[in-house]
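# missing the sequence, but the structure's below:
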DNA sequence: GCCGTTTTCGGCCCGACTGTTTTCAGTCG
């Protein structure tokens, strides 16, 4: 099993134990193990071979032994024992924000509802309010939560769809006769939520009998992937095989390797784009539209005016990962990160960055071990002590804070402390259930503060779980423009906040964007892709993105 | 289940919000 699969398995164990009412600390131990695995750079198999599993944080005797079981056999005793104890639908119910394990268990036991759909029906039939501990108000709220959850999960978040597609692609690559495998469709276009996973498979076999064989092997391999159930149909020529699963729909397109690029183009879509008179030009890596040869980046192909922009030579020159000079919103062990300032700085150096801002949490966020004013000042001393050593290697460590925006728009730290810092990211973490006017005023007040540089995760959304708080985004953008403040694309996969549409609006208003990993570990410093695809879909160029600037330009902007 | 020890078991990030069971349990970040 891969790291990813084992981590998901430990999470599944935690979910089930939690619903069963197990000791919450035991439940947490499994979750911590999953987090540790997600943060690993190396394969668990390699670590196990070296006999180092027990050295991983949160890995005691039990977790290490279960990990070894998973590596050797694909399962372990506790998983076999509990995997069927709680229906998957009940686990799903518990995952709906605001429901939780206790409530899911109570509903399951009292009404025998074992799926989100059954629970929704029970709410509509007013059967929930009859249960002890529930009432009409709770029933109404529950229905609202289910509806919000369904809206958010109509499509699969990129966060989950991409690993799934990569896993499938890796399996397909192992098949003999398969020359090339690429992910196409919405994923290639950088979409944040995915209705269809499309994968193009290029094969070398040209005889139809052999091709049939290859398809058979593809089918066999595909069935093994991700625990999904596959149904695969296909015929030659054209070789479009549809593979259906619950969510999202999965297409595997098998093509002769000589027609690979053309197929990849067609399967990348969207249909509106590919049908607009473009033909694949196979002698040049690009597409020949009627007037002019131009390669149009997949992320731009959803723009309604992209062909006109291409014809007139006005396509934006999209940023790539190599353009990034540093990162501006990271956490350390001072608050809720897992790496020290030094470790984060070393990781930034390894990535070739010229600067790194340390922005731990402010005191209100007690659960994240937010920093009091005294601790901010102490951290500042530590940073200043580390600076010469890292400056000599070409890395500037910027001091900062991710300061909470309080209910009235004031900041969770004294001005004289903020004044001493290089950079301040202001974010909302608490009391986000306010109406649009209040939340907009609150955020705009914060943006007006002379100390604030960047508005962190501006809408507060969590992919697949929580809609952003109600916000007049136009007013926020206008305020950011007025005071010369940047908005963040938070690049952590669970946030991806702002979305591409909002970023496009911000760019049009001349507002600068910071693309930040919001890293809580060394590994998550590499989470740039999630924000990068939003930036590229929004057409951002180097000039639009603060952390694509060199240190001098950044410092000038910070003032 | 992990951890750090007073090496064998007690403590495990904590404060706010919500609905209702009206005094606290469940959930969230």
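Ah, there it is. Keep in mind the model is a prediction, meaning the values are calculated, not measured. Numbering: from 1, shown residues only, chains lettered A, B, ... in the order given.
# which stretches of the stretch 51-200 of chain A form helices?
A:61-73, A:77-82, A:88-95, A:100-111, A:116-124, A:136-152, A:158-173, A:185-188 (DSSP state H, counting those that start in this stretch).
# neighbours around the closest residue to DNA strand B within the stretch 251-400 of chain A, how many?
In the stretch 251-400 of chain A, the residue that lies nearest DNA strand B is residue A:367 (3.7 Å; Cβ to the nearest atom of the strand). (Glycine included, C-beta is placed from N, CA and C.) Residue A:367 has 9 neighbours, counted by other Cβ atoms under 10 Å.
# also the one 5 residues further on?
Around residue A:372 there are 12 other residues, counting by other Cβ under 10 Å.
# would you check that it makes contact with residue A:365?
No. Residue A:372 sits out of contact with residue A:365 when judged by Cβ atoms under 8 Å, with a separation of 11.6 Å.
# follow-up on the earlier one: tell me if the residue of the stretch 251-400 of chain A closest to DNA strand B really is in a helix.
Yes. With DSSP: H, G, I helix; E, B strand; the rest coil as the criterion, residue A:367 is assigned to a helix.
# out of all of them, which helix in chain A is the longest?
helix A:373-391 (DSSP state H).
# off-centre distance for the helix or strand hosting residue A:530?
Using DSSP states H and E, residue A:530 sits in helix A:528-537. Relative to its chain's centre, helix A:528-537 lies at 10 Å (Cα atoms, centre = their mean, to the nearest Å).
# so what's residue A:162 closest to, chain neighbours aside?
Once flanking residues are discounted, residue A:162 sits nearest to residue A:187: 6.0 Å by Cβ to Cβ, 6 or more residues apart in numbering.
# isn't that neighbour right up against residue A:158?
Yes. Counting by Cβ under 8 Å, residue A:158 is a contact partner of residue A:187 at 7.0 Å.
# any shared contact partners between those two?
Taking Cβ atoms under 8 Å, 6 or more residues apart in numbering as the contact rule, residue A:187 and residue A:158 both touch residue A:194.
# re the thing from before, can you say which of the helices of the stretch 51-200 of chain A is nearest to residue A:10?
Residue A:10 lies closest to helix A:61-73 among those, at 7.7 Å (Cβ to Cβ).
# does anything pack onto the closest one? Which helices or strands?
helix A:3-19, helix A:24-38, helix A:44-49, helix A:77-82 (3 or more Cβ pairs under 8 Å, 6 or more residues apart in numbering; DSSP states H and E).
# now do the first one against helix A:61-73, angle only.
Meaning helix A:3-19. Using axes from the mean of the first three to the mean of the last three Cα atoms, to 10 degrees, the direction of helix A:3-19 lies 130 degrees away from that of helix A:61-73.
# any part of helix A:3-19 near DNA strand B?
No. Applying Cβ under 7 Å from any atom of the strand, one finds helix A:3-19 out of contact with DNA strand B, separated by at least 8.3 Å.
# so residue A:310 is in contact with residue A:294, correct?
Yes. Between residue A:310 and residue A:294 there is a contact under Cβ under 8 Å: 4.5 Å.
# show me which of these two is the more surrounded one.
residue A:310 (21 against 18).
# buried ones in the helix or strand harbouring that one, by neighbour count?
Using DSSP H and E, residue A:310 sits in helix A:306-311. Buried residues in helix A:306-311, counted by 16 or more other Cβ atoms under 10 Å: A:306-307, A:309-310.
# what about the helices of the stretch 51-200 of chain A, which gets the closest to residue A:420?
The nearest among those, by Cβ to Cβ, is helix A:158-173 at 36.4 Å.
# model confidence over the closest one, on average?
The pLDDT scores in helix A:158-173 average 82.
# that one to helix A:528-537, inter-axis angle?
Going by the same axes, to 10 degrees, helix A:158-173 makes 100 degrees with helix A:528-537.
# re the thing from before, which strands and helices sit next to the helix holding residue A:530?
Using 3+ Cβ pairs under 8 Å, 6+ apart: helix A:528-537 touches helix A:158-173, strand A:486-490, helix A:500-508, strand A:513-516.
# rerun that using 6 Å as the cut-off
Helix A:528-537 sits against strand A:486-490, with contacts defined as 3 or more Cβ pairs under 6 Å, 6 or more residues apart in numbering; DSSP states H and E.
# off-centre distance for the strand it packs on?
15 Å.
# what mean pLDDT does that strand get?
For strand A:486-490, the mean pLDDT works out to 95.
# again with stretch A:372-392
93.
# give me phi/psi at the residue most central in space within chain A?
Centrality entry for chain A: nearest residue to the mean C-alpha point is residue A:493, 1.3 Å, by Cα atoms, centre = their mean. Main-chain dihedrals, residue A:493, degrees, to the nearest 10: phi -60, psi -30.
# report the contact partners of the closest residue to DNA strand B within the stretch 151-300 of chain A.
Nearest residue of the stretch 151-300 of chain A to DNA strand B, counting by Cβ to the nearest atom of the strand: residue A:152, 12.1 Å away. By Cβ atoms under 6 Å, 6 or more residues apart in numbering, the contact set of residue A:152 is residue A:464.
# now it: how far from residue A:461?
9 Å (Cβ to Cβ, to the nearest Å).
# ok, now residue A:431?
Residue A:431 is 16 Å from residue A:461, by Cβ to Cβ.
# where does residue A:328 land in three-state SS?
strand.
# who touches it in this structure?
A:357, A:514, A:516, A:547.
# got the angle for the one helix or strand the first one maps to vs helix A:373-391?
Looking back up the chat, that one is residue A:357. Using DSSP H and E, residue A:357 maps to strand A:355-361. Going by the same axes, to 10 degrees, strand A:355-361 is angled at 160 degrees with respect to helix A:373-391.
# quick one: strand A:355-361 near DNA strand B?
No. On the criterion Cβ under 7 Å from any atom of the strand, strand A:355-361 is out of touch with DNA strand B, staying 9.6 Å away.
# give me the residue from the stretch 451-559 of chain A nearest DNA strand B.
Counting by Cβ to the nearest atom of the strand, the stretch 451-559 of chain A gets nearest to DNA strand B through residue A:466 (5.0 Å).
# show me what counts as buried in the helix holding residue A:530.
A:528, A:530-537.
# and for stretch A:434-451?
Here stretch A:434-451 shows A:434, A:438-447, A:449, A:451 as buried, counting by 16+ other Cβ under 10 Å.
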